[in-house]
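[1] Any chance you can model this:
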Amino acid sequence: MVQSVSRVVKETLSNLTYLSLAFEHQLVNESALARFIHKRVEEKTGKPVSRGAIIAAVRRFIISYKPRQKDLHLIRFLKSFKIHIRTGMVEVNLSRTPKNVEVLSSVSKKIQWNKGEKLYVLSRSQEITVVSNSQHFKDALNKIPRQGVLSKYDDRAVITISYDPEVEDKTFGALYYLSGIFASLGVTIHVVFSTYSETSFVIKEKDVPLVYKALSESMHEIDELHDE
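    Predicted coordinates:
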């Protein structure tokens with residue numbers, strides 16, 4: 001069934017959850033946004049559509065925009081964020097072999113979690129990535145055959161975002177939002193992993209001040225603009 005330009009624009013923009021804040025406060029450049037979605041609108045309508053028609057539909061959408069429940073969930077989710085930083089970490093990538101698994105098992109038994117020591121192990125069928133406090137791998141690496149070590153980096157830090165898991169279950173777009181901050185700063189995410197109530201990003205230690213400042217300011221702005 002052929003859809004109208006207005007309906008297609010509304011459906012397309014409604015799916016751009018990460019722009020909900022900009023829509024709500026009418027901060028969007030209508031012409032730029034129309035250019036961004038032009039090709040998609042023509043694909044969904046099945047016919048050529050003028051830029052002016054799309055701009056007009058974008059304007060109507062923004063004027064009448066009200067955050068949907070899922071957008072409000074995203075804001076509530078972002079407001080639950082807390083930032084934790086751990087420096088002095090090492091990232092080691094290993095081949096998955098019985099010997100390497102045995103060494104990792106031995107190291108894990110020495111981790112004193114109650115004293116803040118960390119050992120994160122991400123395992124696949126052929127390889128293992130380990131992120132840990134650097135002191136724990138000095139002895140461990142001596143027990144691992146050189147050919148079993150794919151790479152090792154001593155300049156790592158872990159930025160962990162903790163959140164309300166009950167809100168997380170009802171939303172989407174938060175990882176896109178967070179990774180966008182790293183991308184805007186030109187910071188590479190070397191490893192990312194999530195558990196029940198936390199997501200961690202492994203980056204170079206030198207990038208920590210820049211990322212922490214940007215994340216903190218972003219969280220502050222969300223709190224200020226969406227006081228409940």
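[2] Quick check: the gap between Glu91 and Leu122.
    For Glu91, the distance to Leu122 equals 10 Å [C-beta to C-beta, to the nearest Å]. Placement of C-beta: from N, CA and C, glycine included.
[3] Identify the contacts common to the two.
    129-130, 191 (C-beta atoms under 8 Å, 6 or more residues apart in numbering).
[4] taking the residues you listed one by one, which sit in strands?
    Residues of those located in strands (DSSP state E): 129-130, 191.
[5] Just name the closest of the residues you listed to Glu43, please.
    Glu43 lies nearest to Val191 out of these, by C-beta to C-beta, at 35.7 Å.
[6] residues touching the residue nearest the centre of the chain, list them.
    Geometric centre of the chain, nearest residue: Leu175, 3.0 Å, by C-alpha atoms, centre = their mean. Contact analysis of Leu175 by C-beta under 8 Å, 6+ apart lists Thr199.
[7] Three-state assignment for it, please.
    The three-state assignment at Leu175 reads helix, by DSSP: H, G, I helix; E, B strand; the rest coil.
[8] quick one on the thing from earlier: Glu91 and Leu122 - which one has more neighbours?
    Neighbours of Glu91 and Leu122, each counted by other C-beta atoms under 10 Å, are more numerous for Glu91; the result is 22 against 13.
[9] Surely the more buried one is in contact with Val130?
    Yes: under the criterion of C-beta atoms under 8 Å, Glu91 makes contact with Val130 at 7.3 Å.
[10] on that earlier part again, ok, so of the ones in strands among the shared contacts of Glu91 and Leu122, who is nearest Val101?
    When these are compared against Val101 (criterion: C-beta to C-beta), the nearest one is Val130, at 11.2 Å.
[11] contacting residues around the closest one?
    91-94, 104, 119-122, 137.
[12] 6 Å - rerun?
    Applying C-beta atoms under 6 Å, 6 or more residues apart in numbering to Val130 gives the contacts 92, 121.
[13] any idea how far it lies from Ala214?
    For Val130, the distance to Ala214 (C-beta to C-beta) stands at 27 Å.
[14] With Asn133 instead?
    Counting by C-beta to C-beta, the gap from Asn133 to Ala214 is 25 Å.
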